[in-house]
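Chemist: Sharing a model that was predicted from the sequence below.
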Amino acid sequence: MTHKRRGLLRLISAGVGFGASGSTHSGRVRESMPESDVALQQATESEAGAVPELSGRTDDVMDELSWFATEYDDAVENFRRAAGAVLTEISGHGEAIQLTDTAVDRLDGRTDRPRFDRGWPYDIWWEKGERRWRYADIDWQRPTDAVSDETPIRASAVDDLRTVTEEFATTFKTNFDPHFSGASRKKRFATEMLDTIERFNDRGDIAMVVAGLVRLYERYEALSSDTYIEGSLSEAPIRNRLAEYLESTVSTSTTPLFEVEYRSDSDGGDTHLAFVYDDSVDPDRRDELYDSEPLATIDGSTGDTRGMRLQDVVGELSVDTNRIDHCYVLVNEWSRPSANYYSEELTSQPIFVQRYESATAASEAYDQLLDHEDITPAMENVRLGEPGTEPWTGLYFPYESQPWSAAVRRTGRHLFVAGVARRPLQHRRQDIGDGDWTDPLRLAWIWTGSE
């Protein structure tokens, strides 16, 4: 960087002030301390063991994103495999049932049309030589009145079904809990269904046992479908507990929409890109997401990929020494005053998070960032949080030969950059009320209520 360029950035920062004549940051404080005192201070902080609220919340965010990037695909595969095992078990026992004409008449609804759980499997047809009820892919036997079995299925068959459905519930819990809930409901459904099947099996009621197997089959076939996985276990958009982790603990009246891209710094370099929002968001507004891509531009969800990307803009602020992972986040105010106010108009603010191996490593990265010759600390602090929270340090940095500004802070083993924009800090309003540039950030977890 030329001396003229550095002079321009320092000149900009020197003329800034929100009523503050100057401030120091932790890196500059440590420069005036003996190395032994710095080491003692770091050791004392480590021994205290207290994790700041912001650092703890950030670990939750990063851990959840890491799970989606590294374990989600295997979880879905294991889930589908377990559901397939249940379907195979149901098919095997269903194909062993000796049907009678009387049972078929009942299943066809020609007689008493009994009810089983939510419905009765009407509409039997022959398809390629196979007897089917609804969409249960079971090769039913042709009906005959020469039935030798006392019960439709063996007593051990019910035990087999209990075992495989319990294994399915365990697989769900092992792979998805606590990221997604529902294992107990799935186990309860199987238990109730199999209790009913066992009761009718003991009575020798063929039609009711078949009906129960059909209902059981349809349930697990639906659970293993793309529709269920994309709707209830979605990785993009994400609608699980990550939305809660990302949201501010401070009460707000605006619903946030988050755009995230996670990147691991390990050898594999796992990544995950997604929208994140709470289920309370109106479905019509959700549909707008499919006209855009997460983090397509630094200005939020627009569907216009020609704009600048946050990932590129903050490249100068990236410090990868001893870094575990990092993520880019856009916080959008998901509100519209009229039906004509499209999603590209959403007010947004960016956040860049870097997580390190330790608080010491993060502190060193913080100092390394602020010591970079192309980066100039501003004269003022920036308030991003409720009263009593630690202020953020303003800074200026170059991107595409233009000066950009942002606020930076180190907490625990995390290094944060927020409010990245071309507009200089001294030209931004930071008032209580409408028009504050920090308003979208009030929706995010970085706006903590306490330390």
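Modeler: Arrived safely, thanks for sending.
Chemist: which regions of this structure lie under the pLDDT threshold?
Modeler: Residues of the chain meeting the criterion pLDDT under 70: 1-51, 108-135, 284-285, 288-291, 301-306, 335-345, 429-435, 449-451.
Chemist: Tell me where the stretch 151-300 of the chain has helices.
Modeler: 155-176, 183-203, 206-223, 226-232, 242-246, 283-287 (DSSP state H, counting those that start in this stretch).
Chemist: Would you tell me which one of these is buried the most?
Modeler: Of all the helices of the stretch 151-300 of the chain, helix 206-223 carries the top mean neighbour count, a mean of 23, counting by mean count of other C-beta atoms under 10 Å. In short, each C-beta sits where N, CA and C put it, glycine included.
Chemist: May I have that helix exported as CSV, CA atoms only?
Modeler: Taking Å, rounded to 0.1, in the frame of the first residue of the first chain, the C-alpha atoms of helix 206-223 are listed here in CSV:
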residue,chain,number,x,y,z
ILE,A,206,-57.0,-60.2,8.9
ALA,A,207,-58.5,-57.0,7.5
MET,A,208,-57.6,-54.9,10.5
VAL,A,209,-54.0,-56.3,10.6
VAL,A,210,-53.6,-55.5,6.9
ALA,A,211,-55.0,-52.0,7.4
GLY,A,212,-52.6,-51.5,10.2
LEU,A,213,-49.6,-52.6,8.2
VAL,A,214,-50.7,-50.3,5.3
ARG,A,215,-50.9,-47.3,7.7
LEU,A,216,-47.5,-48.2,9.1
TYR,A,217,-46.0,-48.5,5.7
GLU,A,218,-47.4,-45.3,4.4
ARG,A,219,-46.1,-43.4,7.5
TYR,A,220,-42.5,-44.6,7.1
GLU,A,221,-42.6,-44.1,3.3
ALA,A,222,-43.6,-40.5,3.9
LEU,A,223,-40.9,-40.0,6.5
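Chemist: Looking at the helices of the stretch 151-300 of the chain, which is nearest to residue 60?
Modeler: With C-beta to C-beta as the measure, helix 242-246 is the member of those nearest residue 60 (4.5 Å).
Chemist: counting contacts, what elements does that closest one pack onto?
Modeler: Applying 3 or more C-beta pairs under 8 Å, 6 or more residues apart in numbering; DSSP states H and E, one finds that helix 242-246 makes contact with helix 53-70, strand 256-264, strand 271-276.
Chemist: Run through who's touching it.
Modeler: 57, 60-61, 64-65, 68, 256, 258, 260, 276-278, 329, 444-445 (C-beta atoms under 8 Å, 6 or more residues apart in numbering).
Chemist: circling back to that earlier point, take the helices and strands packed on helix 242-246 and lay them out in TSV including distance to residue 103.
Modeler: TSV is the format used below for the helices and strands packed on helix 242-246 (distance: least, C-beta to C-beta, whole Å):
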stretch	distance to residue 103
helix 53-70	47
strand 256-264	54
strand 271-276	49
